[in-house]
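# got a predicted structure here, sequence first:
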Amino acid sequence: MGYFVSETVIKEIKGRLNILNLIETYLSLKRSGRSYVGLCPFHDEKTPSFHVNDEKGVFHCFGCGAGGDVFGFVMRYKNLTFAEAVAELSKQAGINIEKTNRDNVRKTRRDIFFKLNRLVLNYYHMLLLESEEGRAARDYLRKRGLTLDIAREFYLGYAPFGWDALAKYLASKKVPTSIAEEIGLIIKKKNKDEYYDRFRGRLMFPIRDVEGNALGFGGRTLTNEEPKYLNSPESEIYHKGRVLYGLDRARDYIRRKGEAVIVEGYMDFLSLYSAEIKNVVATLGTALTRDHTVLLKRFTERPVVIFDGDEAGEKASLRVLDVFLEEGISPHIVILPKGEDPASFISKEGRDSLLRLIEGAILLIDFYIERIQRDFLNRKISRNKAVDMVVEVLTKLKNPIERSHYIRRSGENFGIRENELLSLVGHGEKVRRETKVEIKKKSESQEKLILRILLKFPALSHYFRSKSVIDFIPEGEIKKIVEEIVINRVDDVSSLLCRFSSGPAQEIISESIFSTDDVTNETTALRMLKDCIRKLKLKAIEEKLSIMRLQIEQAKREKKDSLEERLIREYRDLIEQEKGVQGEANDD
């Protein structure tokens, strides 16, 4: 989608569309107090736990956690991207968003970063296709069986040798060095007010989100320079654990095929895509994450993960099982012959051979259980160990029919009565659920209460600014939302939801909105806020004290007397600081 949609237009769409009326076109709702309740369309349930708050313009399911605004509902219900949901709802609202004048809209930081990356993308792309220096990169692509048409489709580029070619180009375009540095395009020299290019002498791969925005870059060396692959550092717009390379081009093929093939790295992706296996995406220098699976789930629930044919590939395949099962997805797996990766396999065996492997992919959970059975039969592990390993994974299966199938089969494989295995799985699920809830309560209760207070009384955000306490909130979605409220002064729910088109953040916001009834007035809210901050401070201090106790013990063992004395002084200072924070409760 090529047009830009301002926050003002998003608000106008939401203002014209009543969330209650919209959702009631898809399911039946009944009034319950100040909200409306019905059966959730996103998971199976018999007791209604799906709530709609007409006044706030949000929905939330207390069963599965789904939540958000009108855009969030349509995205989930119809499996759309944010841009696609905007396009659909704008028509219902009678707003022609394609006529929105971008020049009249205030540029956000993200817009500026996207625009700068687009400028650099075009610069590198031009050098690859047109410059003499780019010949080495063109030759490399040809050697790997990739055409210039593929290079054009994915805007591949070339970063020239020389320390400051890009820095000089950006200066000629009047780009502030601070912005280019912030997203990792250039690096400041030590003790000098000069900059050098991060990428030099490399084949460049623009990294884009599902909307096609350039988030960052990856570069492959064309010499023997290390590292072989270099990526942009994480920034405000780029998080490698949330991006799947090529999804912007592959998403429609994935939807049509009903299946996503997952590989690792740019070249494996491009090899499959150029071989007309276009329902493919790639991870970039990181293991598959929950954010990846949530992203993929919007387009398909049949992922096929391809792993290299070595021991490392087999171990990596087992690590991703938990990630998928947490999202209720049972992934399929292809293990290539030893010594092969997807690119080399296609080069040697051809496209059809790989397609046959993909079509014959087995469920990863089957592969995992068969591996446990093999180790058991080869006497590498005991029966008890094998059963423990199987029970651990079966407790994570959310589909009761699947679970029943694997309990019966595993009982036969390991010579255990089905009802005994069922009992072990049931106990394991209970322990896992209770542990998960307890950990979640301990780690999120203070942060969630802070968010609930700020959503109901945004004026209290001044207390956060004056006390500089936002750093005490642990990293995560809640902190990002609080930062929008406190730092960027986003003081209404509609604007806040506009800033977060992703599912997790919208779900947290919607849940918090539905949970503010116990925050009755601003005076009480301020007292609760101070108490939350005090507890977070104490938690941070206790973590530091725990680390320092270990450091003191280590210094004592290694007979580093001066270091031990310094650490003890710092430890005592922290104890006094802790007492001061504890005393803040009395001051209130």
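Okay, I see it. Worth saying up front: this structure is predicted, and the values here are computed from it rather than measured.

# in the stretch 1-150 of the chain, where is pLDDT below threshold?
Low-confidence regions of the stretch 1-150 of the chain, defined by pLDDT under 70, span residues 1-7, 97-108.

# ranges for the helices of it?
Here the stretch 1-150 of the chain has its helices, by DSSP state H, counting those that start in this stretch, at 7-16, 19-24, 70-78, 82-93, 109-130, 135-143, 148-153.

# and those helices, which is most packed in?
Mean neighbour counts were taken over the helices of the stretch 1-150 of the chain using mean count of other Cβ atoms under 10 Å, and the top value, a mean of 22, falls to helix 70-78. Just so you know, the C-beta spots here come from the backbone N, C-alpha and C atoms, and that holds for glycine as well.

# distance from the chain centre to it, please.
Counting by Cα atoms, centre = their mean, to the nearest Å, helix 70-78 is centred 19 Å from the centre of its parent chain.

# one more: stretch 402-412?
When distances are taken as Cα atoms, centre = their mean, stretch 402-412 is centred 32 Å away from the chain's centroid.

# convert that stretch to PDB, retaining C-alpha atoms only.
Output of stretch 402-412 as PDB, limited to C-alpha atoms (Å, rounded to 0.1, in the frame of the first residue of the first chain):
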ATOM      1  CA  GLU A 402      -3.800 -33.800  19.100                       C
ATOM      2  CA  ARG A 403      -2.800 -34.300  22.700                       C
ATOM      3  CA  SER A 404      -5.000 -37.400  23.100                       C
ATOM      4  CA  HIS A 405      -3.400 -38.900  19.900                       C
ATOM      5  CA  TYR A 406       0.100 -38.400  21.100                       C
ATOM      6  CA  ILE A 407      -0.600 -39.600  24.600                       C
ATOM      7  CA  ARG A 408      -2.000 -42.900  23.200                       C
ATOM      8  CA  ARG A 409       0.900 -43.300  20.700                       C
ATOM      9  CA  SER A 410       3.600 -42.400  23.300                       C
ATOM     10  CA  GLY A 411       2.100 -44.900  25.700                       C
ATOM     11  CA  GLU A 412       2.500 -47.600  23.100                       C
END
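
# now that stretch: buried residues?
Within stretch 402-412, the residues that qualify as buried by neighbour count (16 or more other Cβ atoms under 10 Å) are 403, 406-407, 409-411.

# identify whichever of the helices of the stretch 1-150 of the chain lies nearest to I508.
I508 lies closest, by Cβ to Cβ, to one member of the helices of the stretch 1-150 of the chain: helix 70-78, at 11.6 Å.

# neighbouring contacts of that closest one?
The set of residues external to helix 70-78 that reach it, using Cβ atoms under 8 Å, 6 or more residues apart in numbering, is 10, 13-14, 17, 19, 22-23, 26, 41-42, 57, 59, 66, 68, 80-82, 84-86, 88-89, 298, 497, 501, 503, 506, 510.

# switch the cut-off to 7 Å
14, 17, 19, 22-23, 26, 41-42, 59, 66, 80, 82, 85-86, 88-89, 501, 506 (Cβ atoms under 7 Å, 6 or more residues apart in numbering).

# with stretch 339-353 instead?
Applying Cβ under 7 Å, 6+ apart, the set of residues contacting stretch 339-353 from outside is 145, 263, 267-268, 271-272, 275-277, 306, 308-310, 336, 354.

# same thing but at 10 Å, please
Around stretch 339-353, the neighbours that count as contacts under Cβ atoms under 10 Å, 6 or more residues apart in numbering are 144-146, 261, 263-272, 274-277, 280, 282, 306-310, 313, 334, 336-337, 354-357.

# and the end-to-end length of that stretch?
Stretch 339-353 has its terminal residues 16 Å apart, counting by Cα to Cα, to the nearest Å.

# quick one: buried residues of that stretch?
Taking 16+ other Cβ under 10 Å as the basis for neighbour counts, the residues of stretch 339-353 that come out buried are 340-346.

# sort out for me which of those are in helices.
When DSSP state H defines the helices, the subset of these inside them is 342-346.

# so which of the residues you listed is the closest to H462?
P342 (54.2 Å).

# please name the nearest non-neighbouring residue to the closest one.
Setting aside the residues directly before and after it, P342 is nearest to D268 in space (Cβ to Cβ, 6 or more residues apart in numbering), at 4.3 Å.

# the one you found reaches D308, doesn't it?
Yes: in this structure, D268 is within contact of D308 by Cβ atoms under 10 Å, at 9.2 Å.

# so how many other residues sit close to the residue nearest to P342?
A total of 24 residues lie near D268 under the criterion other Cβ atoms under 10 Å.

# re earlier: out of the helices of the stretch 1-150 of the chain, the one nearest P227 is which?
When the helices of the stretch 1-150 of the chain are compared by Cβ to Cβ, helix 135-143 sits nearest P227, at 16.6 Å.

# hmm, who's touching the closest one?
Under the contact criterion Cβ under 10 Å, 6+ apart, helix 135-143 has outside partners 124, 127-129, 131, 146-148, 150-151, 156-161, 201-204, 220, 222-223, 267, 270.

# put the buried members of those into a ChimeraX selection.
Of the contacts of helix 135-143, the buried ones go into a single ChimeraX selection, burial set by 16+ other Cβ under 10 Å:
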select :124,127,128,129,146,151,156,157,158,159,160,201,202,203,204,220,222,267,270
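
# dump the residue contacts of Y245.
154, 205-208, 218, 263-266, 268-270, 280-284.

# compute the distance between it and A555, please.
From Y245 over to A555 the distance is 46 Å, taken as Cβ to Cβ, to the nearest Å.

# what do you get for E84?
Taken as Cβ to Cβ, the spacing of E84 relative to A555 amounts to 58 Å.

# F154 now?
For F154, the distance to A555 under the criterion Cβ to Cβ works out to 53 Å.

# more neighbours: those two, which one.
F154 (22 against 18).

# so the more buried one touches K278, yeah?
No: taking Cβ under 10 Å as the contact criterion, F154 and K278 are not neighbours in contact, 12.0 Å apart.

# re earlier: wait, which of the ones in helices among the buried residues of stretch 339-353 is closest to A180?
Proximity to A180 was ranked across those by Cβ to Cβ; first place goes to A343, at 32.4 Å.

# how about the residue nearest to that closest one when sequence neighbours are not counted, secondary structure?
Ranked by Cβ to Cβ, 6+ apart and with sequence neighbours excluded, the top spatial neighbour of A343 is S271, at 3.9 Å. Assigned with DSSP: H, G, I helix; E, B strand; the rest coil, S271 falls in the helix class.

# which of the contacts of stretch 339-353 fall in strands?
Assignment to strands by DSSP state E places the following of the contacts of stretch 339-353 there: 261, 263-264, 280, 282, 306-309, 334, 336-337.
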